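J.: from the sequence below, what's the structure:
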Amino acid sequence: MRAPALRRGRVRVDDEGVARGRTAIRWQEITDYRLEIRHVQSAHGVFYLVDLVGALLMWRDARDAMDGVHRLRFSLEVSTRAGTRLAIDSRVRDGAAAIRSVLDRIAGRLADDARAQLAASGQVQIGPLALAAHALAWDGHEPLPREAVESVELFDSTPATLRVMKRGKVLPYAQAPTRAVPNLVGALDMAASLGYPVRGRELIAAIVA
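T.: Numbering: from 1, shown residues only. Presented below is the predicted three-dimensional model:
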């Protein structure tokens, strides 16, 4: 039975693939995706001038901050080997839900491709990050043994970054905006499966099953 099409503004997600405007890409054609995560700046500050509304909004913001709830904006770009690109972000109606639907379709398959590369060569290259069972490396850096890795983590900044922390060091061994790292979910999954501590996945909990 075919799954019903999911329409999000001008974005269409269905069994065949994803489309926006005149650009359509089939699922099997997608070879890469890039994810960007940003905090949404409050747009209701002016309402704080209104006593009752302002009090309610200030209470909500204080409650959310205490609960660790962040207002995040996600942007996703998928691409094909031929160079076709399609972008979805939070400016699209229900954009986060559309991004989640796309990632549900492609993240697992692309992670499987990375696992196959690891099985064949003992190492997998995901953008600037190279992962192996005994060590990892980042473009322009000396390899870091697994036992020296404090964490591979999503760092809560704007934009969010993927960074590698070295044990005993305050500054990152290496880092880059998540948009610079292809197939981000697969990179985190691969790092965890190889025994590296992975942190910060709560930043993508809203869009990753």
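J.: just the helices in the protein please.
T.: Using DSSP state H, the helices of the chain run over residues 51-67, 95-121, 184-193.
J.: packing partners for the shortest one?
T.: Spelled out, that is helix 184-193. strand 30-39, helix 95-121, strand 124-126, strand 129-131, strand 149-155, strand 198-199 (3 or more Cβ pairs under 8 Å, 6 or more residues apart in numbering; DSSP states H and E). To be clear about C-beta, it is placed using only N, CA and C from the backbone, and glycine gets the same treatment.
J.: what would those look like in TSV with mean pLDDT?
T.: Formatted as TSV, those follow (pLDDT from 0 to 100):
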stretch	mean pLDDT
strand 30-39	95
helix 95-121	94
strand 124-126	96
strand 129-131	97
strand 149-155	98
strand 198-199	98
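J.: and of these, who's closest to Thr23?
T.: strand 30-39 (12.3 Å; Cβ to Cβ).
J.: what residues sit buried inside that closest one?
T.: By 16 or more other Cβ atoms under 10 Å, the buried positions in strand 30-39 come out as 30-31, 33-38.
J.: what does stretch 160-178 give?
T.: By neighbour count on 16+ other Cβ under 10 Å, the buried set for stretch 160-178 is 160-166, 172-178.
J.: got the end-to-end distance for it?
T.: Taking Cα to Cα, to the nearest Å, the first and last residues of stretch 160-178 lie 6 Å apart.
J.: centre of the chain to that stretch, how far?
T.: Distance, stretch centre to chain centre, for stretch 160-178: 16 Å (Cα atoms, centre = their mean, to the nearest Å).
J.: then stretch 189-201?
T.: 14 Å.
J.: can you pull out the residues in contact with it?
T.: 111, 114-115, 118, 124, 126, 131-133, 136, 146, 149-156, 160, 188, 208 (Cβ atoms under 8 Å, 6 or more residues apart in numbering).
J.: please check those residues and keep the buried ones.
T.: The buried subset of the contacts of stretch 189-201 (16+ other Cβ under 10 Å) comprises 111, 114, 118, 124, 126, 131, 136, 146, 149-155, 160, 188, 208.
J.: quick one, what contacts Arg167?
T.: Arg167 makes contact with 147-150, according to Cβ under 8 Å, 6+ apart.
J.: let me have the residues you listed in a markdown table, adding distance to Ile88 as columns.
T.: Converted to a markdown table, the contacts of Arg167 look like this (distance: Cβ to Cβ, whole Å):
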| residue | distance to Ile88 |
| --- | --- |
| Glu147 | 39 |
| Ala148 | 38 |
| Val149 | 33 |
| Glu150 | 33 |
